[in-house]
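Colleague: what follows is a predicted protein model with its sequence.
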Amino acid sequence: MKYRKLRDIEVSAIGMGCMGFSHGYGEIPKEEESIRLIRKAYDLGCTLFDTAEAYGPYINEELVGKALKPFRDKVILTTKFVPVFQKGQEIPEGKLSKKGITNALNDSLKRLQTDYIDIYYEHRVPLESNVEEVAIWMGEFIKEGKIRAWGQSQSTVEQIRKAHAVTPLTAIQSEYSIMERMFEKDVIPTCKELNIGFVAFSPMASGFLSGKYDKNTQYKGDDVRRVITRFNPENVEKNQPLLDLLQTIADKKGITKAQLSLAWMLHKYPHVVPIPGMRKDERIIENLGASEVVLNDEEFNNIETELNKITIYGNRTDEDIHKLGTVKAMDLTN
Ligand SMILES: NC(=O)c1ccc[n+]([C@@H]2O[C@H](COP(=O)([O-])OP(=O)(O)OC[C@H]3O[C@@H](n4cnc5c(N)ncnc54)[C@H](OP(=O)(O)O)[C@@H]3O)[C@@H](O)[C@H]2O)c1
């Protein structure tokens, strides 16, 4: 495993996204199995683990806290608060108040069985919200020792610059993969300029880039692939040229498409750290193993040239994910 920095916090070059152990990808493993898999990632050198109060809600933080407890001080634990209320959190001041976030933070600390969070993210940053005010509170939490650093998820360049000027941000966590490159044009370069780390969520495009899912794969329960458009059967077919490109280069190097997808972003940017979700031994070994893959300039430039000729169909949006509620309700009536 190689290591890199999110601002001044050292992390493994590839982290583990823990959401899928409780939320978002259908059937979940038994608790003992999830704990075993999280600890396996640690044994393989992974030191960055990501969760959120929204995953479950709450139960993912409890699971991750339990799994990491024996070596809590050896890892970087990141969690997030959402700007809207979760079950049981309603207070007159509103969630985006000092009291609302303080309560959320104290509850996360309890569930995670820890007295500090390494990076505490604002899970979404509403356009109408006062980012400077939130940044002041985050600075106070840092002074109190409840968090070491803070970040935002899916924020705009303007929000990043405003917040960073008040209390420096350590990481932005937003969607990024060889299939979804929308933040290459502004957020990722801004992070580089300001020495902010960029943590790439859904770096495997929800598994698509592994090439192990096809247009006939069926998804159940709360699996987001039932509603995000890159998994429409027709888009899965239309996106085949991307998998073909990855396959050709991966074959030449004796690696997998999943590994090439991760190695590509590690090569492209020194401040980017992907956090794939993975719930099988062989996927953990495969994905974490990508940290050792080295691309030469010719290979990298070839990928970039070919990528620019490929059109990507479909994406993953919060609006589409909200449709999951309706799809799951239909399961019950069918
Ligand atoms: N900030 C945000 O708003 C936000 C949003 C989404 C996610 N996240 C964070 O980012 C993390 C990663 O996101 P994600 O779970 O969408 O990432 P992802 O790695 O792009 O997608 C995970 C899916 O891909 C599959 N997969 C991963 N590697 C594979 C491989 N080598 N071969 C075959 N299948 C593979 C996983 O399979 P199995 O798990 O079934 O093995 C899972 O179904 C989350 O866990 C969460 O911590 C944050």
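Modeller: Everything's here; your move.
Colleague: what does the protein have sitting close to the ligand?
Modeller: Residues of the chain lying close to the ligand by CB under 6 Å from any ligand atom are 17-20, 25, 50, 123, 153-154, 173, 201-207, 210, 212, 258, 275-280, 283, 286-287. Any C-beta I mention is one placed from the backbone N, CA and C, and that applies to glycine too.
Colleague: so which of those belong to strands?
Modeller: Judged by DSSP state E, the subset of the residues of the chain next to the ligand located in strands is 17, 50, 153, 173, 201.
Colleague: helices along this structure, start to end?
Modeller: Assigned by DSSP state H, the chain shows helices spanning 31-43, 59-68, 98-112, 131-144, 157-166, 187-194, 233-238, 240-253, 257-268, 281-289, 297-307, 318-322, 324-333.
Colleague: chain center to the shortest one, what's the gap?
Modeller: Taking CA atoms, centre = their mean, to the nearest Å, the mean C-alpha location of helix 318-322 is offset from the chain mean by 16 Å.
Colleague: contacting residues for the residue in the stretch 51-200 of the chain that the ligand sits nearest to?
Modeller: Closest residue of the stretch 51-200 of the chain to the ligand, CB to the nearest ligand atom: Ser153 (3.8 Å). If you count contacts by CB atoms under 8 Å, 6 or more residues apart in numbering, Ser153 has them with 80, 121-125, 172-174, 201.
Colleague: could I have the buried ones of those residues as PyMOL selection syntax?
Modeller: This is how PyMOL selects the buried members of these, with burial counted by 16 or more other CB atoms under 10 Å:
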select buried, resi 80+121+122+123+124+125+172+173+174+201
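Colleague: of the helices of the chain, which shows the lowest average pLDDT?
Modeller: Note on the helices of the chain: helix 324-333 shows the lowest mean pLDDT, a mean of 72.
Colleague: give me the contacts around stretch 188-202.
Modeller: 5-7, 9, 11, 15, 17, 48, 50, 78, 151, 153, 157, 160-161, 164, 168-177, 180, 183, 187, 265, 269, 271-275, 316.
Colleague: find the residue at the geometric middle of this structure.
Modeller: Phe201 (2.7 Å; CA atoms, centre = their mean).
Colleague: who's that residue bridged to?
Modeller: Taking DSSP bridges, one obtains Glu175 as the residues bridged to Phe201.
Colleague: so how far is Leu96 from it?
Modeller: 22 Å (CB to CB, to the nearest Å).
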